[in-house]
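Engineer: Output the structure for:
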Amino acid sequence: QKWGTRSTSSRSRSSRSRDSDGASGVSSDSEDLEDLDAIPDNLKIAIPLHMQNDAQIQTKKEAQLKAPKEIVELGDTQADSQLSGTRASFFGSSEIPRKVWKHPLAPDATSYCNFTWVCIQICATTLWILGAFTLLSLHIWRLQEVALESHRYAADTLLRTLEVNASGHLSPALTIARSVALAGRSGLFELEAPYASLAAILKPEMDLEPKIRRVQVLGLSAIRMFRVLPGTLHDDTVRLDLQEPLIYAKTTSSCRTGSDLWACFNLDTTDMTLYSSTTDALALNLRGPTIYRYDDQGLALDSEDYIVTHHLLATFNITGNANTGVSTALFVDVSIDLASLWDAARAAAPETAHLFISTTDGTLLAASSSELDGGPIWRKTLEEGADEETAVYTADVPTIWDLPEEWVQYISAADLVSESRLELQVGSDMIVVRPVALGATNGRGSLSAASPETLRIGVFVPLSEVTRPSLEQLQYAGLGVLACPFVAAAVVIILHIVFRILKCF
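Structural biologist: The predicted structure follows:
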């Protein structure tokens, strides 16, 4: 019995030993058990429970690690079905609530749809559009400035052209005044017959310049004023050696009034200021224009042949003879025809532009208008209640307001009196009026000092003289091409914002 008991105990120990060896053998192989479902059911009984649990847990972990990668690589429907099948294999049911996986780099939809983000997009787009609009506005403003500068440059070019022509036209009068002053300081007028010396001095100058109509000199004699006319200098029917100027002596008893010796010239010298310079050694000013009614011989002209002239008045001191040493003042009046200045103004002005030179009261020296011929105009004076037959016509010098062009109505009398530059924009056209600067460009001559006080020069320049319409159209076309990218970008951004707003709200 003891043996049998020992035998039974031995068998029990042997059985436990075999079970233990078998368990350890299965346990050691549990790591190689990859797919529990692939084992037949009749063989699963032989697998210890702890090995089955370990295999199920291991399979579940591998499924959890592989699920995100498969969801990312597959479509949403395929990923959902595969995830449901995997969970069903683990938990026995596909209805188990699953947690939706989200890629860590996927954008948050709320970041696009919240009110703050939409406001940021709208504000950024608005600022960008405002910046682009500002840049385009600066571009347009600069184009307009360039057009204005070109317009002003064209106006100044025409003004300088007429200014140079006027300086050349009036320079013979200044040359004669200088010649008389030089002769007086040289003692040529201290002879017994000063008028002969005066004729000899003026003959070459008047022969070269037919537009010199008359020269008057006061101071060579105490009781006479000498008047020099062209005479036969420009008469082609007279032999050259017989062509001589005419000199008249006019008594000063009827015109000389005290200290006002200028009254003998029959000009308005009220409040006249004389301008002098060291280069000319004389003091002068400009007066006129006036109507001249005599020909080269001093005979009266017909009314239709009247001439408009301008006057240069000059005075200077000459040294008396050696016995007395008394200094005497001479006064000179040089009348110059303005007809050729009208021709110069017409030649300087383009077809659609207009030029003029006038005094500060608007009296014309010259203009480019073809409606006036440069001579005087006749003004009708009719008493109230009188018939047309009794009307009186008087010759008068035209003013700028007698010009037929409409643009002259924009210039007022105050604009001509002002000594500052005036620029007027009449639509797209420009009017410029400023003082005249004749003579030396450095402003040191007497004429250049006197002309700004008495004369004004003006120009009317339409825009068509500066730019052609085709160039202006090309300018705006280029601006449109420049703006297209900004407009396209603005439209795209605005549509994007509208799409976001409609999608989110």
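Engineer: When you work out contacts or count neighbours from here on, use the C-alpha atoms and nothing else.
Structural biologist: OK.
Engineer: Strands of the stretch 101-250 of the chain, start to end?
Structural biologist: Counting by DSSP state E, counting those that start in this stretch, the stretch 101-250 of the chain has strands at residues 212-218, 224-229, 246-251.
Engineer: looking at the ones you listed, which is buried most?
Structural biologist: Comparing these by mean neighbour count (mean count of other CA atoms under 10 Å), strand 212-218 ranks first with a mean of 23.
Engineer: What helices and strands are in contact with it?
Structural biologist: With contacts taken as 3 or more CA pairs under 8 Å, 6 or more residues apart in numbering; DSSP states H and E, strand 212-218 sits against strand 224-229, strand 327-337.
Engineer: re earlier: can the strands of the stretch 101-250 of the chain go into JSON lines with extra columns for distance to Glu351?
Structural biologist: Supplementary listing: the strands of the stretch 101-250 of the chain in JSON lines, determined by distance: least, CA to CA, whole Å:
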{"stretch": "strand 212-218", "distance to Glu351": "30"}
{"stretch": "strand 224-229", "distance to Glu351": "38"}
{"stretch": "strand 246-251", "distance to Glu351": "42"}
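Engineer: would you list the ones you listed in TSV and tack on distance to Leu127 and mean pLDDT?
Structural biologist: As requested, these are exported to TSV (distance: least, CA to CA, whole Å; pLDDT from 0 to 100):
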stretch	distance to Leu127	mean pLDDT
strand 212-218	72	92
strand 224-229	80	90
strand 246-251	85	87
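Engineer: Tell me which of these sits nearest to Thr273.
Structural biologist: Distance to Thr273, taken as CA to CA, is lowest for strand 212-218 among those, at 18.6 Å.
Engineer: got the CA coordinates for the closest one in CSV?
Structural biologist: Included here for strand 212-218 are C-alpha records, laid out as CSV according to Å, rounded to 0.1, in the frame of the first residue of the first chain:
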residue,chain,number,x,y,z
ILE,A,212,12.1,153.8,-86.8
ARG,A,213,9.4,156.4,-87.5
ARG,A,214,10.6,159.4,-85.6
VAL,A,215,13.3,160.6,-83.2
GLN,A,216,12.9,163.7,-81.1
VAL,A,217,15.7,165.3,-79.1
LEU,A,218,15.2,168.0,-76.5
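Engineer: tilt between that strand and strand 246-251?
Structural biologist: Going by axes from the mean of the first three to the mean of the last three CA atoms, to 10 degrees, strand 212-218 is angled at 40 degrees with respect to strand 246-251.
Engineer: Direction included, what does strand 212-218 pair up with?
Structural biologist: strand 224-229 (antiparallel), strand 327-337 (antiparallel) (DSSP bridges).
Engineer: quick one: which of those is nearest Val487?
Structural biologist: By CA to CA (comparing all of the strands paired with strand 212-218), the closest turns out to be strand 327-337, at 63.9 Å.
Engineer: List the buried residues of the closest one.
Structural biologist: In terms of neighbour count (16 or more other CA atoms under 10 Å), strand 327-337 has its buried residues at Leu330, Phe331, Val332, Asp333, Val334, Ser335, Ile336, Asp337.
Engineer: where's the nearest residue to Ile357 once chain neighbours are set aside relative to Leu162, distance?
Structural biologist: Nearest-residue entry for Ile357: Ile457, 4.4 Å, with adjacent residues in sequence omitted and distances by CA to CA, 6 or more residues apart in numbering. Between Ile457 and Leu162 the computed distance is 8 Å (CA to CA, to the nearest Å).
Engineer: Same check on Val308?
Structural biologist: Between Val308 and Leu162 the distance, using CA to CA, works out to 19 Å.
Engineer: Compare the two (neighbour count), which wins?
Structural biologist: Between Val308 and Leu162, Leu162 has the larger neighbour count (other CA atoms under 10 Å), namely 28 against 24.
Engineer: so what's that one up against?
Structural biologist: Listed by CA atoms under 8 Å, 6 or more residues apart in numbering, the contact set of Leu162 reads Ala344, Ala345, Ala348, Leu355.
Engineer: Looking at it now. What's its pLDDT?
Structural biologist: Looking at Leu162, its pLDDT is 90.
Engineer: same question, Ala349
Structural biologist: Confidence per residue is given as pLDDT, and for Ala349 that number is 89.
Engineer: What is the neighbour count of it?
Structural biologist: Using other CA under 10 Å, Ala349 is surrounded by 22 other residues.
Engineer: Which one of the strands of the stretch 101-250 of the chain lies nearest to Phe499?
Structural biologist: Nearest to Phe499 among those is strand 212-218 (85.8 Å), distances taken as CA to CA.
Engineer: What lies in contact with that closest one?
Structural biologist: Outside strand 212-218, the residues within contact range by CA under 8 Å, 6+ apart are 172-173, 206, 224-230, 261, 265, 296, 330-337.
Engineer: from memory Ala314 sits against Arg287, does it?
Structural biologist: No - the criterion here is CA atoms under 8 Å, and Ala314 misses it with Arg287 at 10.8 Å.
Engineer: So which of the two has more stuff around it?
Structural biologist: The residue with the greater number of neighbours, taking Ala314 and Arg287 and applying other CA under 10 Å, is Ala314; the counts read 25 against 20.
Engineer: Quick one: low-confidence residue ranges for the stretch 201-350 of the chain.
Structural biologist: Judged by pLDDT under 70, the stretch 201-350 of the chain has its weakly predicted residues at 254-260, 278-280, 319-327.
Engineer: show me the contacts for Gln167.
Structural biologist: Small correction: residue 167 is Ser, not Gln. By CA under 8 Å, 6+ apart, the residues touching Ser167 are Leu438, Gly439.
Engineer: Next one: Glu423 from Asn165, what distance?
Structural biologist: Computed with CA to CA, the distance linking Glu423 and Asn165 is 22 Å.
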